[in-house]
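Novice: turn this into a structure:
(one chain, ligands or ions: 1)
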Amino acid sequence: MADPHSTPKRHFETELVHGGTLRSQFAETSEALFLTQGHVYESAEQCEKRFIGEDPGYIYARFSNPTVAMFEKRMALLEGAEAARATATGMAAVTAALMGLLRAGDHIVAARALFGSCRYVVEEHLPRYGIESTLIDGTDLAAWRAAIRPNTKVFFLESPANPTLEVIDIEAVAAIAKSAGAKLVVDNVFATPVWQKPLALGADCVTYSATKHIDGQGRCLGGVILASEEFINTHIHTLLRQTGPAMSPFNAWVLLKGLETLSLRVERQTRSASLLADWLADQKKVTRLIFPGRKDHPQAEIIARQMGGPSTLIALEVEGGKAAAFRFLNALRIFRISNNLGDAKSLAVHPATTTHQRFTPDVRASMGVGDGLVRLSVGLEHPDDLKADLAEALRVA
Ligand SMILES: *Cc1c(COP(=O)(O)O)cnc(C)c1O
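Specialist: Okay, here's the model as predicted:
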């Protein structure tokens, strides 16, 4: 598969551990946690200079903080982005990226297979401010072209999408966005920076929920927006400072520790997910199995081109609809029922009654979220134990 991070100055794994580190005068080994909302100044003159940007340094934690800055710098290095801004949650990152780009009278086109909250922002929140939105089948390039209007300013997509693991050709959509004068924003949560680099594929902006694989241990919320210096300064910087969805320094510290092991975890979890997906595909009670690492994935050819590896997630349909899916979930012992993903602990969820319950059955069907669909997030347990757990749950289902 393609190497998504081929030309960094230092290797990805090295930046995961060292990127962006700011040592204090105490020369600590581990990143310092600066739990402070503000900073003191040597003089009123220095304070004045700090505020007008002539004296580099920190002012107030809503604007920036040394621990948060380490996280931002490390993420920028990992993504190959010029600039990054951390946010309190992944949804704060998505909302700020879109609100920063759009204003009344503009139009956004988005792939319809979206995480429930992302779809809410596009479909319900933005139109309240006079922004039109169109949802399309993101895998259909002609649909992106057909949706363009004179006022189209933004394209937005997730790939692989939550929870159907549908994959979109980012390079092709980026080219269409460019020809329309629109910016492409990619929510890269499912791929992680280990397996996919949307900026290198032509996207203008990438967002993450750091809550998922970046923490990877179910401890805290976080988000990040990555783009060029110019993009961040023009669209994001002032909006974040003045509206305040800032990341807590404590969460930034937790996330820095999470990043140290990101590639180890994602690679191991992906390997286990591949083993389990192949095994599940052969089970009689599994009527549908979607995994981006399999040849039978509908977009296998695009995946081989644009991703360095598949996914830590699997979607499957159990024969017998909702009732069978519930029996399956209730019989799991190692996989726990939870809507988080990317965790060291294996987790399973029924999207139709949780993350996607707000939608009507018709809309869910159009997103590929059937009543029998279960999403598995594969963790760090031994794959044989996970397989035994799934086998027993399938027997009960
Ligand atoms: C979880 C998730 C989000 C939102 O992240 P939070 O940190 O929970 O706000 C956005 N997009 C995708 C694809 C997600 O999985």
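
Novice: how many residues are close by whichever residue of the stretch 101-250 of the chain sits closest to the ligand?
Specialist: Proximity of the stretch 101-250 of the chain to the ligand (C-beta to the nearest ligand atom) peaks at Ser209, 2.9 Å away. Every residue, glycine included, has its C-beta placed from N, CA and C. Per other C-beta atoms under 10 Å, the neighbour tally for Ser209 reads 30.

Novice: equivalent analysis for the one 5 residues further on, please.
Specialist: The local packing of Ile214 (other C-beta under 10 Å) involves 28 other residues.

Novice: that one and Pro163, how far apart?
Specialist: Computed as C-beta to C-beta, to the nearest Å, the Ile214 to Pro163 distance reads 19 Å.

Novice: coming back round to it: mind listing what the residue of the stretch 101-250 of the chain closest to the ligand touches?
Specialist: Thr89, Gly90, Met91, Ala93, Asp187, Val189, Leu221, Gly222, Gly223 (C-beta atoms under 8 Å, 6 or more residues apart in numbering).

Novice: give me that answer again for 10 Å
Specialist: If you count contacts by C-beta atoms under 10 Å, 6 or more residues apart in numbering, Ser209 has them with 87, 89-94, 115, 117-118, 162, 187-190, 215, 221-224, 340-342.

Novice: which residue is the nearest non-sequential neighbour of it?
Specialist: In this structure, Ser209 finds its nearest non-sequential neighbour in Gly90, 2.3 Å apart by C-beta to C-beta, 6 or more residues apart in numbering.

Novice: that neighbour reaches Cys118, doesn't it?
Specialist: Yes. If you go by C-beta atoms under 10 Å, Gly90 and Cys118 touch, sitting 8.9 Å apart.

Novice: hang on, the earlier thing: near the ligand, from the contacts of Ser209?
Specialist: Contacts with the ligand within the contacts of Ser209, as defined by C-beta under 6 Å from any ligand atom: 89-91, 94, 115, 117-118, 162, 187, 189-190, 221, 223.

Novice: residues in contact with whatever residue of the stretch 51-200 of the chain ends up closest to the ligand?
Specialist: Residue nearest to the ligand within the stretch 51-200 of the chain: Gly90 (2.4 Å; C-beta to the nearest ligand atom). Shown in contact with Gly90 (C-beta under 10 Å, 6+ apart): 115, 117-118, 187, 189, 207-212, 214, 221-224.

Novice: buried residues in the lowest-mean-pLDDT helix or strand in the chain?
Specialist: Using mean pLDDT, DSSP states H and E, helix 361-366 stands out as the lowest-scoring helix or strand of the chain, at a mean of 87. In terms of neighbour count (16 or more other C-beta atoms under 10 Å), helix 361-366 has its buried residues at Arg364.

Novice: how far does that helix sit from its chain's centre?
Specialist: 23 Å (C-alpha atoms, centre = their mean, to the nearest Å).

Novice: tally of neighbours for His18?
Specialist: Neighbours around His18, by other C-beta under 10 Å: 12.
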